[in-house]
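Chemist: predicted coordinates and the sequence they were generated for:
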Amino acid sequence: MPEQSGKVQTVLGLIEPDQLGRTMTHEHLTMTFECSHVPTAPGDKDLATAPIEMKHLHWLQQNPYSHHENLLLNQEIEAVKEELLCYRKAGGGSMVENTTTGITRNLPVLQQLAKETGVHIIAGAGYYVDVTHSDETRKMTVEKLTDIIVSEVLHGADGTDIRCGVIGEIGTGWPITDSEKKVLRATAHAQTQLGCPVIIHPGRNEAAPGEVIRILQEAGGDISKTVMSHLDRTIFDKQELLEFAKMGSYLEYDLFGTEMLNYPFNLNVDMPADSQRVQALAFLIKEGYEDRILIAHDIHTKHRLTKYGGHGYCHILQNIVPKMLSRGITQNQVDKILIENPKQWLTFK
Ligand SMILES: CCC(=O)NCCS(=O)(=O)O
């Protein structure tokens, strides 16, 4: 039985599950997102290269992926540290930092942030979406990919001895590419060996989450210990959502704080407002899924930090929890979503 069994693995080592406290299950503290740069509209070229300033904030909030500098969250370690200290003061305990290979994971920085702030940080193993896969990764067999993921959890990643405590976010697009399918199968095989939590980034199509779960299931993955991220921009139809929920994964609404008119990665999608996210949580609770819900902000660009006028990592604790309570979600249910469900998911079997 691996030493992780019954414990949670943070970047500073193993902890007891009860030490986690309130946990955001999908965040980034340092990463780059250049792989998702969206070309700027011809009239906006100057805005896209201008320094981030108050007078441009609304444009940036509406076009966050068209401003190159905005995609470099890895330049903001000091600002992120300040925010983590506020997160602790606001009652936060832990964060899953699920930056994977392809978007500049930096485990020494995560370890330093955990030491300096007292927030428990759980790092992610594995690979982001196809466009970030190197030629070497593409050529790997499922067995080789499995070995690498297992080693990132058992021994450490990126040439360090800092160990990952979840697999993911494993990136997939739509349609799911062959290379992404291999990574999904390797994820399932590694999870079988390790009994560890898994988290998935699905493609931007209503059919994508179900297809990912089928691939994991066929490869022997434990769906009850798997999180499907980004449901807030992926499944809108209530019947479809219930059909997906029946497959048994955790259901994650992790884009709290993101409100934009045009979602550039899929213009057919209307990105919901936070009030609609809370309505979706209330609906899932009414349908009996309160044990399967997880929430987070998925901060992955500069403009969402308070330093740049954004909502920051405390938004859920300070603004969304009161809204949940005002919409009939009980304190007990809030605690399940923020404490108990993350704890169950993050504890190794
Ligand atoms: C790495 C961060 C990430 O993938 N975030 C998801 C953004 S979106 O696909 O939901 O727009």
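Modeler: Nice, I can see it.

Chemist: spell out which residues of the stretch 201-349 of the chain are next to the ligand.
Modeler: 201, 230, 233, 255, 265, 298, 300 (Cβ under 6 Å from any ligand atom). Where C-beta positions appear, they are placed from N, C-alpha and C, glycine not excepted.

Chemist: run a quick neighbour tally on the fifth one.
Modeler: Look at residue 265: counted by other Cβ atoms under 10 Å, it has 13 neighbours.

Chemist: check the secondary structure at the nearest residue to it once chain neighbours are set aside for me.
Modeler: The shortest distance from residue 265 to any non-neighbouring residue, by Cβ to Cβ, 6 or more residues apart in numbering, is to residue 204 (5.6 Å). Three-state call for residue 204 (DSSP: H, G, I helix; E, B strand; the rest coil): coil.

Chemist: residue contacts, residue 204?
Modeler: Residue 204 makes contact with 173-174, 233-234, 265-266, 269 under the criterion Cβ atoms under 8 Å, 6 or more residues apart in numbering.

Chemist: just flag the most distant two among the residues you listed.
Modeler: 173 and 269 (14.3 Å; Cβ to Cβ).

Chemist: can you tell me how far the residue in the chain positioned nearest to the ligand sits from residue 329?
Modeler: Here the chain gets closest to the ligand at one residue, residue 300, 3.8 Å apart by Cβ to the nearest ligand atom. Distance from residue 300 to residue 329, counting by Cβ to Cβ, to the nearest Å: 26 Å.

Chemist: please enumerate the strands of the stretch 151-300 of the chain.
Modeler: In the stretch 151-300 of the chain, the strands defined using DSSP state E, counting those that start in this stretch lie at 166-171, 198-201, 226-228, 250-253, 293-295.

Chemist: hmm, residue 35 and residue 132 touching each other?
Modeler: Yes. Taking Cβ atoms under 8 Å as the definition, residue 132 is a contact partner of residue 35 at 5.0 Å.

Chemist: OK, contacts around the residue of the chain closest to the ligand?
Modeler: Neighbours of residue 300 in contact, by Cβ under 8 Å, 6+ apart: 28, 31, 33, 73.

Chemist: by neighbours, which of the contacts of residue 204 wins?
Modeler: That'd be residue 234 among these, by other Cβ under 10 Å, with 23 neighbours.

Chemist: isn't it up against residue 208?
Modeler: Yes. Using Cβ under 8 Å, residue 234 is in contact with residue 208, at 6.5 Å.

Chemist: how about the helices in the stretch 51-200 of the chain?
Modeler: 57-62, 77-89, 107-117, 135-139, 142-154, 178-194 (DSSP state H, counting those that start in this stretch).

Chemist: likewise for the stretch 201-349 of the chain?
Modeler: 208-218, 238-245, 274-286, 315, 321-326, 331-335, 341-346.

Chemist: lovely, talk soon.
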